[in-house]
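**Q** sequence unknown, structure follows:
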């Protein structure tokens, strides 16, 4: 089981996963994944469900894949997408999107040994507040302990 810790301030502040030896990090980015799920604090959110948008950055060295042009030298994008889908859409119902983001980051770090860190954002468009809000989201940055 992977031991997770909060990523350093660079990752938190810039929303980019970090590389432990450099300020420039290679990353695989999965953007604007949309899933219908039943997460939320209110009963109607859990009963009716809503769309969630998820973005993921996986920090890992891409030098080998860039040089070899071989799929086995990188993360399987389709598998990463399917893992995110399984957590968000098929996993346990969560009260907070913070818990959803935490579940996604833990799953990705546990599955892909070459990934050193990840940043996961989860947004929902329908927010139960008085007034207009385009969307609400959270972002977590997690890194593997060395």
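**A** The structure has been received and is ready for your questions. As the structure is a computational prediction, the values presented were derived from the model and not from experiment.
**Q** Residue 26 reaches residue 64, doesn't it?
**A** No. Proximity of residue 26 to residue 64 does not meet the contact threshold set by Cβ atoms under 8 Å, at 10.3 Å. For glycine as for every other residue, the C-beta is placed from the backbone atoms N, C-alpha and C.
**Q** most residues in a single helix of the protein, which one?
**A** Ranked by residue count, the top helix of the chain under DSSP state H comes out as helix 97-111.
**Q** and the spatially most central residue of the chain, what are its bridge partners?
**A** When the chain is reduced to its mean C-alpha position, the nearest residue by Cα atoms, centre = their mean turns out to be residue 120, at 2.7 Å. Counting by DSSP bridges, residue 120 forms beta bridges with residue 56, residue 140.
**Q** give me the low-pLDDT residue ranges for this structure?
**A** Residue ranges of the chain with pLDDT under 70: 1-24, 146.
**Q** make it 50
**A** For the chain, residues meeting the criterion pLDDT under 50 lie at 8-22.
**Q** got the residue ranges for the helices in it?
**A** Going by DSSP H, the chain shows helices at 9-14, 43-48, 63-68, 77-85, 97-111.
**Q** mind checking which of those is nearest residue 31?
**A** Residue 31 lies closest to helix 77-85 among the helices of the chain, at 11.0 Å (Cβ to Cβ).
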